[in-house]
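Chemist: pasting the structure only:
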């Protein structure tokens, strides 16, 4: 068997947002939001995944949206690239999901809490060691919670999770490991398969079960992500070269390399370029 990478937009929504993903999503949210406790008994997936008719990149920023039986709305996004405006978009989507609950004439007491769950394939908060972090409204000086805790931002930073397969013990650990490594396996690993919902998730991630349109969509998204990563890396290197160029007259090549993280060969080539101008 070959499993698709759950971190792509298409795969994430198919696995966690399909009509048959009900039990998968309950288990996943219990693992990520509630430390593996069975806090969520039921939910409705509000925008179930549908197979693509035309291959293309992501049409909506929200991968999965669900309403819990207790009234809360959970909006879930898997983000592979740290693009400009991403953090503002999280706030916008959370605020929008909260404010659009009311119809004309309805009162504010009818508003239910919104949890914005964002999983990133990059580190967002270098000063936080935890894999999962939670943000709520607090008073700035005294750090007292706002009386109404209706908005919560939850982040899962995948690169911070370093556990091996053999060390997995909790439901939380197993779901995070699934996101990181599902596409590395050819069979469902034993520590994962003993959780029925994770077993079902692997079944949905089985490439053999995808239609031709779905495989085409997956390929397009994979190419898009690779192109975007390449563009980001190129832009970063170009910025480092600009910094290095300004330092050539005042620092040694080894010092510039340490500051910019460019190689000595790059610095020497840049110095040669300047000398020929």
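Modeler: Cool, the structure landed. No experiment lies behind these values; they were computed from the predicted model shown. Numbering: from 1, shown residues only.
Chemist: Tell me which residues of stretch 125-142 come out buried.
Modeler: Under the neighbour-count criterion of 16 or more other Cβ atoms under 10 Å, stretch 125-142 has 131, 132 buried. All C-beta spots, glycine's among them, are computed from the backbone N, C-alpha and C.
Chemist: looking only at pLDDT, what's the mean for that stretch?
Modeler: The average pLDDT within stretch 125-142 is 95.
Chemist: before we move on, what about stretch 161-173?
Modeler: If you average the pLDDT over stretch 161-173, you get 96.
Chemist: again with stretch 23-40
Modeler: Stretch 23-40 comes out at a mean pLDDT of 96.
Chemist: Centre of the chain to it, how far?
Modeler: In this view, stretch 23-40 has its centroid 17 Å away from the chain centroid, taken as Cα atoms, centre = their mean, to the nearest Å.
Chemist: Please name every helix or strand in contact with the helix or strand of the chain with the lowest mean pLDDT.
Modeler: When each helix and strand of the chain is scored by mean pLDDT, DSSP states H and E, helix 212-247 comes last, with a mean of 79. Helices and strands in packing contact with helix 212-247 are listed as helix 9-17, helix 253-260, helix 264-276; criterion 3 or more Cβ pairs under 8 Å, 6 or more residues apart in numbering; DSSP states H and E.
Chemist: Try it again at 6 Å.
Modeler: helix 9-17, helix 253-260 (3 or more Cβ pairs under 6 Å, 6 or more residues apart in numbering; DSSP states H and E).
Chemist: now that helix and helix 253-260, what's the angle there?
Modeler: On the basis of axes from the mean of the first three to the mean of the last three Cα atoms, to 10 degrees, helix 212-247 is oriented at 130 degrees to helix 253-260.
Chemist: Out of the helices and strands packed on helix 212-247, which one sits most buried?
Modeler: Mean neighbour count (mean count of other Cβ atoms under 10 Å) peaks for helix 9-17 among the helices and strands packed on helix 212-247, with a mean of 24.
Chemist: which residues in the stretch 1-150 of the chain form helices?
Modeler: 9-17, 22-33, 86-99 (DSSP state H, counting those that start in this stretch).
Chemist: Of these, which is nearest residue 77?
Modeler: helix 86-99 (7.4 Å; Cβ to Cβ).
Chemist: Give me the residues contacting that closest one.
Modeler: 73, 75, 114, 116, 118, 151 (Cβ atoms under 6 Å, 6 or more residues apart in numbering).
Chemist: Stretch 183-192 too?
Modeler: 1, 3, 5, 165, 168, 174, 198, 202.
Chemist: If we use 10 Å, what do you get?
Modeler: 1-8, 11, 165-169, 173-175, 177-178, 181-182, 193-194, 198-199, 201-203, 205-207 (Cβ atoms under 10 Å, 6 or more residues apart in numbering).
Chemist: That one spans what distance, first to last residue?
Modeler: By Cα to Cα, to the nearest Å, the extent of stretch 183-192 from end to end equals 13 Å.
Chemist: Could you do stretch 130-142 as well?
Modeler: 23 Å.
Chemist: Ok, stretch 170-188 next?
Modeler: Terminal-residue distance, stretch 170-188 (Cα to Cα): 17 Å.
Chemist: from the contacts of helix 86-99, which is closest to residue 275?
Modeler: Nearest to residue 275 out of these is residue 118 (Cβ to Cβ; 47.7 Å).
Chemist: Tell me which of the helices of the stretch 1-150 of the chain is the most buried.
Modeler: helix 9-17 (a mean of 24).
Chemist: Return the list of helices and strands in contact with it.
Modeler: helix 22-33, strand 64-68, strand 73-79, helix 171-181, helix 196-204, helix 212-247 (3 or more Cβ pairs under 10 Å, 6 or more residues apart in numbering; DSSP states H and E).
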